[in-house]
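Participant: Model the structure of this input:
(one chain, ligands or ions: 1)
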Amino acid sequence: MDAPEFTTIIEPFRIHSVEPLRLTTLEQRQAAARDAGYNLFKVHAQDVIIDLLTDSGTGAMSRDQWAALQHGDESYAGSPSYYIFRDAVRELFPFEHVIPTHQGRAAERILFSVLGGAGKVVPNNTHFDTTRANVEYTGAQALDLVVDAAHEADSTYAFKGDMDVARLEALLREQGDAVPLVMMTITNNSGGGQPVSLANLHAVRDVCDAHGKMLFLDACRFAENAWFIREKEAGQSGRDVVDIVREIASLADGMTMSAKKDPMGNIGGWLAMDDDDLARRCRDLLVLTEGFPTYGGLAGRDLETLAQGLREVVHHDYLRYRVRSTAYLGESLQRAGIPVVTPIGGHAVYIDARAMLPGIRPLQYPGQSLAIALYEAGGVRTCEIGTAMFGRRPDGSEEPAAMDLVRLALPRRTYTQSHIDYVIEACRHVAVHRDELRGYRIVEEPPTLRHFTAVFEPLP
Ligand code: F0G
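Facilitator: The predicted model follows:
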């Protein structure tokens, strides 16, 4: 018999422990949305059926991660768990200094406190919202220099996370003194979970070298990015993902990391680099707010689970399933006539709410409207990534964001295909009723990162 050619990519694991879902009615969800000021960050998680708010810290740990947790050593200084963690990081990213933090934004705050400041400019393909906020908090400017294709929701370019190298070159030529470092976010979350090509990373490295600049990775979803390189970039097929990750690391001078994504942690992060002096200044700040350098705000048991998670995330069977299951959701929505950002990204599907709801103007938050409708229809919690998130300028005025997207982020190893089939049905139901959806206005908001706490009201 020939080996069968399976088209079903199964979840490469069995379920080992289950967590019940609380099924709610439409009326209960409408009440919960109203009570939360139409802000899904304020909805109680027990009132959510399928939680696609984020893939951050929401994944399922493996049997071996739970076992590693028992191995945690909680010594204040010099815990063996730290060295296990450091070595697991260095297996993939062989930087001299590995500094644990409680999550990614703590690494960002420390790095930009040292390197940022008024008058500085920090370019990135696209800054994630916490990265941008941490850069701007120091008085520096956060600049997005992603390729133009990233702004075309229906582009078919495979590496929409790429940096526009010509614009980076121009920036460094004209304002080089103001640029303390160049960042690259892999995959590009705010731009649709889109990968960056290896060729682009090499080109960015060359420009950094020509201008004597450091290159740092925001590497949250490095394994998914490496898988896309293996699948889509010329000359890369058949390579071991670990090999690709090491090549990516070799192009950088350091990294910030949220271990709540590809490292399969429920909490954690790190900052890593080669430069001794920079590391010393970062550790000085670490001690001030995060903790001693061998735990940095994490328990020893967390460090152990992350070390194990890093070993698991680079398995090809896992990555094939991961990227395929995200594509399954995206392609099903496309077939239902729902506009999604293409190509489908690694950790999430992004619905183009502006295209889906042309009757709702950007300053009436079409993404917010769609996200609330999905929650009310099926208890599916998603996240607006658009004008509600990015539309407020530092001076308090408003402008439409580049796109109005709704992100359906898939927690790692958490939901089965039937859960996703349910999500698809909820999306189709909302699509059928799209003409009934209304815009929103904001009645209360903080000056930064407003999407977390703003209070919304439906327009009449
Ligand atoms: N960088 C990127 C690209 C991210 O996606 C995130 C978090 C961070 C940095 C910050 O890391 O949350 O550990 O402090 N993204 C989550 C999300 C919150 O939902 O996309 P953190």
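Participant: Just give me the neighbour total for the residue of the stretch 1-150 of the chain found nearest the ligand.
Facilitator: As assessed by C-beta to the nearest ligand atom, the ligand sits closest to Gly104 within the stretch 1-150 of the chain, at 2.6 Å. C-beta coordinates here come from the backbone N, C-alpha and C atoms, glycine included. By the measure other C-beta atoms under 10 Å, the count of residues near Gly104 is 26.
Participant: now do Thr448
Facilitator: Going by other C-beta under 10 Å, the residues that sit close to Thr448 add up to 13.
Participant: what's the answer for Ser56, then?
Facilitator: Neighbour number of Ser56 under other C-beta under 10 Å is 21.
Participant: give the contact list for it.
Facilitator: Shown in contact with Ser56 (C-beta atoms under 8 Å, 6 or more residues apart in numbering): 258, 260-261, 409.
Participant: For the ligand, see how far away the spatially most central residue of the chain is.
Facilitator: Nearest to the mean C-alpha position of the chain, by C-alpha atoms, centre = their mean, lies Asn189 at 4.6 Å. According to C-beta to the nearest ligand atom, to the nearest Å, Asn189 stands 4 Å off from the ligand.
Participant: Which residue, neighbours along the chain excluded, lies closest to that residue?
Facilitator: Closest residue to Asn189 apart from its sequence neighbours, by C-beta to C-beta, 6 or more residues apart in numbering: Phe128 at 5.3 Å.
Participant: What backbone torsions are found at that neighbour?
Facilitator: phi -70, psi 160 (degrees, to the nearest 10).
Participant: number of nearby residues for it?
Facilitator: 23.
Participant: Number the chain from 17, please
Facilitator: Taking 17 as the first residue, the last one we looked at is Phe144.
Participant: Let me know the pLDDT of the residue nearest to Phe308 when sequence neighbours are not counted.
Facilitator: The spatial neighbour of Phe308 that comes closest, neighbours along the chain excluded (C-beta to C-beta, 6+ apart), is Ala93 at 5.6 Å. As predicted, Ala93 sits at a pLDDT of 97.
Participant: count of residues packed around Ala93?
Facilitator: Counted with other C-beta under 10 Å, Ala93 comes out at 9.
Participant: Could you do Phe238 as well?
Facilitator: Phe238 has 27 nearby residues by other C-beta under 10 Å.
Participant: check contacts around it.
Facilitator: Neighbouring residues of Phe238 by C-beta under 8 Å, 6+ apart: 108, 202, 261, 264, 278.
Participant: and if you look at Met179?
Facilitator: Applying C-beta under 8 Å, 6+ apart to Met179 gives the contacts 139, 141, 161-163, 200, 212, 216, 219-220.
Participant: I'd like to know how far it sits from Arg221.
Facilitator: 11 Å (C-beta to C-beta, to the nearest Å).
Participant: As a check, name the ranges of all strands in this protein.
Facilitator: 66-67, 113-117, 137-140, 157-160, 197-201, 230-234, 270-274, 285-289, 364-368, 396-397, 399-401, 421-425, 456-460, 471-474 (DSSP state E).
Participant: May I see those arranged in a markdown table, with mean pLDDT and distance to the ligand as well?
Facilitator: Rendered in a markdown table, the data for the strands of the chain read as follows (pLDDT from 0 to 100; distance: least, C-beta to the nearest ligand atom, whole Å):
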| stretch | mean pLDDT | distance to the ligand |
| --- | --- | --- |
| strand 66-67 | 98 | 11 |
| strand 113-117 | 98 | 9 |
| strand 137-140 | 98 | 9 |
| strand 157-160 | 97 | 12 |
| strand 197-201 | 98 | 5 |
| strand 230-234 | 98 | 5 |
| strand 270-274 | 98 | 3 |
| strand 285-289 | 98 | 5 |
| strand 364-368 | 96 | 8 |
| strand 396-397 | 98 | 12 |
| strand 399-401 | 95 | 7 |
| strand 421-425 | 97 | 6 |
| strand 456-460 | 96 | 21 |
| strand 471-474 | 97 | 19 |
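Participant: before we move on, the earlier item: so the residue nearest to the centre of the chain sits against Arg237, correct?
Facilitator: Yes: at 7.2 Å, Asn205 counts as touching Arg237 under the criterion of C-beta atoms under 8 Å.
Participant: quick one: common contacting residues for the two?
Facilitator: His363.
Participant: got the contact list for the longest helix seen in the chain?
Facilitator: Longest helix in the chain by number of residues (criterion: DSSP state H): helix 332-351. The contact list for helix 332-351, computed with C-beta under 8 Å, 6+ apart, reads 25-28, 209, 239-240, 242-244, 247, 257, 328-329, 356, 358, 360-365, 367, 424, 426, 428, 433, 436, 439-440, 443.
Participant: need the residues of the stretch 167-316 of the chain near the ligand, please.
Facilitator: With C-beta under 6 Å from any ligand atom as the criterion, the stretch 167-316 of the chain meets the ligand at residues 201, 205, 234, 236, 274, 276, 285.
Participant: so who does the nearest residue to the fourth one once chain neighbours are set aside touch?
Facilitator: For Cys236, the nearest residue in space outside its immediate sequence neighbours is Lys277; the separation is 4.1 Å by C-beta to C-beta, 6+ apart. Listed by C-beta under 8 Å, 6+ apart, the contact partners of Lys277 are 71-72, 236-237, 363.
Participant: which residues touch the closest residue in space to Glu107 that isn't next to it in sequence?
Facilitator: Among residues not flanking Glu107 along the chain, Leu326 sits closest, at 7.2 Å (C-beta to C-beta, 6+ apart). Neighbour list for Leu326: 104-105, 107-108, 279-280 [criterion: C-beta under 8 Å, 6+ apart].
Participant: now those as CSV including neighbour count and pLDDT?
Facilitator: As requested, the contacts of Leu326 are exported to CSV (neighbours: other C-beta atoms under 10 Å; pLDDT from 0 to 100):
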residue, neighbour count, pLDDT
Ala104, 20, 98
Val105, 24, 98
Glu107, 15, 98
Leu108, 23, 98
Pro279, 30, 98
Met280, 26, 98
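Participant: In those residues, find the pair that's most separated.
Facilitator: Glu107 and Met280 (14.8 Å; C-beta to C-beta).
Participant: can you give me the helices for the stretch 367-476 of the chain?
Facilitator: Applying DSSP state H, counting those that start in this stretch to the stretch 367-476 of the chain gives helices spanning 369-372, 382-394, 403-406, 433-448.
Participant: Report all helices and strands that the last one contacts.
Facilitator: Yep, that's helix 433-448 we're talking about. Under the contact definition 3 or more C-beta pairs under 8 Å, 6 or more residues apart in numbering; DSSP states H and E, helix 433-448 sits against strand 66-67, helix 332-351, helix 382-394, strand 396-397.
Participant: 7 Å - rerun?
Facilitator: With contacts taken as 3 or more C-beta pairs under 7 Å, 6 or more residues apart in numbering; DSSP states H and E, helix 433-448 sits against strand 66-67, helix 332-351, helix 382-394.
Participant: No further queries at this time; thank you.
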